[in-house]
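**Q** Have a look; sequence and predicted model below, questions after that.
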Amino acid sequence: MWWKALTVILLIYTILAGLFFPIPTVDIVDESVRNLFFHVPMWFAMTIMLILGAVNSILYLAKNNIQYDINAKIFTQTALIFGVLGLITGSLWALITWGALWTNDPKLNGTAIGMLLYLAYFVLRNSLEEDSKRATVSAVYNILVFPIFLSLIYVLPRIFASLHPGNGGNPGFNIYDQAKHLRIVFYPAVIGWFLLGFWISTQLIRLKKIENQFIEREIIDINE
Amino acid sequence: MNKKSVFDVFLENLSNLLRGGGKLNLIFASILIILLGIVGYLIYNESRIKKLEDKLKNKS
């Protein structure tokens, strides 16, 4: 329970400190640097939840327990929500600093491809009716797509020319953050946004478990 | 001249906002309202799920 209270505290801190604390002066980026506390942590939260999804897919294949498949699906689902939020906040940031909502940046294009790959995961799941078959096929797909997604958004932009800070030879924000003004908000924000995603996921998992138990009970009641 | 502390800047920015901060005011209010809505729904859901779990426990 304590971590749920921590989530609320960290997120309120992120919003208040993120919007009102002092920030380093960075040309062009100016006040929009505050988006660092929203856009980047959302991506980190998404990545951690995708890791949890992939781990649960591996566990399903290893232990053949359907609960792991449900966990994998829900973690991936929540990760995608954070991905969309990351895209929206990123596009707004791009409009302010680069002058367009979408540019031909390898990270942006990689993200678009990656998100489509994960959307295909849900299409695949919905196309298979038998539970164990759907769980096995989608677990294999999830395990395969995860390293591709990581290389699309974290590896390729570092190899090719990218507009993103810290990618393609560009300096990251850490060189401007001499007084650590960004860091004291950024790290709590990463934890806060991840915990929010984890909270949403655990609730969805618990709800699914309850739903399954009710269905099981109904089947037993009907048979009796 | 003394350098402003983090808290001083915080108060300065907050008072600017409260005095009618234009765009930032709107952004701040929308983020806070959306976040409060999500957290409020999660807290409400928490008690709802607990009730359902207890109901299932009592039935078995």
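**A** Right, received. Where do you want to start?
**Q** so what does the helix or strand hosting A:V137 touch, helix or strand wise?
**A** Element membership of A:V137 [criterion: DSSP states H and E] is helix A:131-150. Judged by 3 or more C-beta pairs under 8 Å, 6 or more residues apart in numbering or on different chains; DSSP states H and E, the packing partners of helix A:131-150 are helix A:39-63, helix A:66-97, helix A:106-127. The way it works is simple: take the backbone N, C-alpha and C, and place the C-beta from them, glycine included.
**Q** my guess is A:L163 meets A:W98, correct?
**A** Yes: between A:L163 and A:W98 there is a contact at 6.0 Å, judged by C-beta atoms under 8 Å.
**Q** model confidence over stretch A:193-211, on average?
**A** Here stretch A:193-211 scores 94 as its mean pLDDT.
**Q** okay, that stretch in CSV with CA atoms only?
**A** Below are the C-alpha coordinates for stretch A:193-211, written out as CSV (Å, rounded to 0.1, in the frame of the first residue of the first chain):
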residue,chain,number,x,y,z
TRP,A,193,5.3,7.7,-13.7
PHE,A,194,6.5,4.1,-13.6
LEU,A,195,4.6,3.5,-10.3
LEU,A,196,1.5,5.0,-11.9
GLY,A,197,1.7,2.5,-14.8
PHE,A,198,2.4,-0.4,-12.4
TRP,A,199,-0.6,0.6,-10.3
ILE,A,200,-2.9,0.7,-13.3
SER,A,201,-1.5,-2.7,-14.5
THR,A,202,-1.9,-4.4,-11.1
GLN,A,203,-5.5,-3.2,-10.9
LEU,A,204,-6.3,-4.5,-14.4
ILE,A,205,-4.7,-7.8,-13.5
ARG,A,206,-6.7,-8.1,-10.3
LEU,A,207,-9.9,-7.2,-12.1
LYS,A,208,-9.2,-9.9,-14.8
LYS,A,209,-8.5,-12.5,-12.1
ILE,A,210,-11.9,-11.6,-10.4
GLU,A,211,-13.7,-11.8,-13.8
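**Q** And it, what's buried?
**A** A:193-206, A:209-210 (16 or more other C-beta atoms under 10 Å in any protein chain shown).
**Q** in chain A, what secondary structure element scores lowest on mean pLDDT?
**A** The weakest-scoring helix or strand in chain A, judged by mean pLDDT, DSSP states H and E, is helix A:156-159 (a mean of 80).
**Q** for chain B, same thing?
**A** For chain B, counting by mean pLDDT, DSSP H and E, that's helix B:6-18 with a mean of 77.
**Q** Identify the residues contacting the most centrally placed residue in chain B.
**A** Nearest to the centroid of the C-alpha atoms of chain B, with distances taken as C-alpha atoms, centre = their mean, sits B:L36, at 4.2 Å. Under the criterion of C-beta atoms under 8 Å, 6 or more residues apart in numbering or on different chains, B:L36 has no neighbours.
**Q** So which bits of chain B are right by chain A?
**A** B:4, B:6, B:9-10, B:13-14, B:17, B:24, B:27-28, B:31-32, B:35, B:38-39, B:42, B:45-46, B:49, B:52-53, B:56, B:59 (C-beta under 8 Å from any C-beta of the partner chain).
**Q** what residue ranges in chain A score low on pLDDT?
**A** Residue ranges of chain A with pLDDT under 70: A:166-179, A:221-224.
**Q** How much space separates the closest residue in space to A:F37 that isn't next to it in sequence from A:A189?
**A** Nearest residue to A:F37, sequence neighbours excluded (C-beta to C-beta, 6 or more residues apart in numbering or on different chains): A:G18, at 3.7 Å. According to C-beta to C-beta, to the nearest Å, A:G18 stands 7 Å off from A:A189.
**Q** A:M46 now?
**A** 14 Å.
**Q** Work out for me the element the residue nearest to the centre of chain B sits within.
**A** Going by DSSP H and E, B:L36 is part of helix B:23-59.
**Q** Identify the contacts common to A:G18 and A:A189.
**A** A:F37, A:F38.
**Q** which of those two has more neighbours?
**A** Legend: neighbour count by other C-beta atoms under 10 Å in any protein chain shown for A:G18 and A:A189, higher for A:A189 (26 against 23).
**Q** Cool, thanks, signing off.
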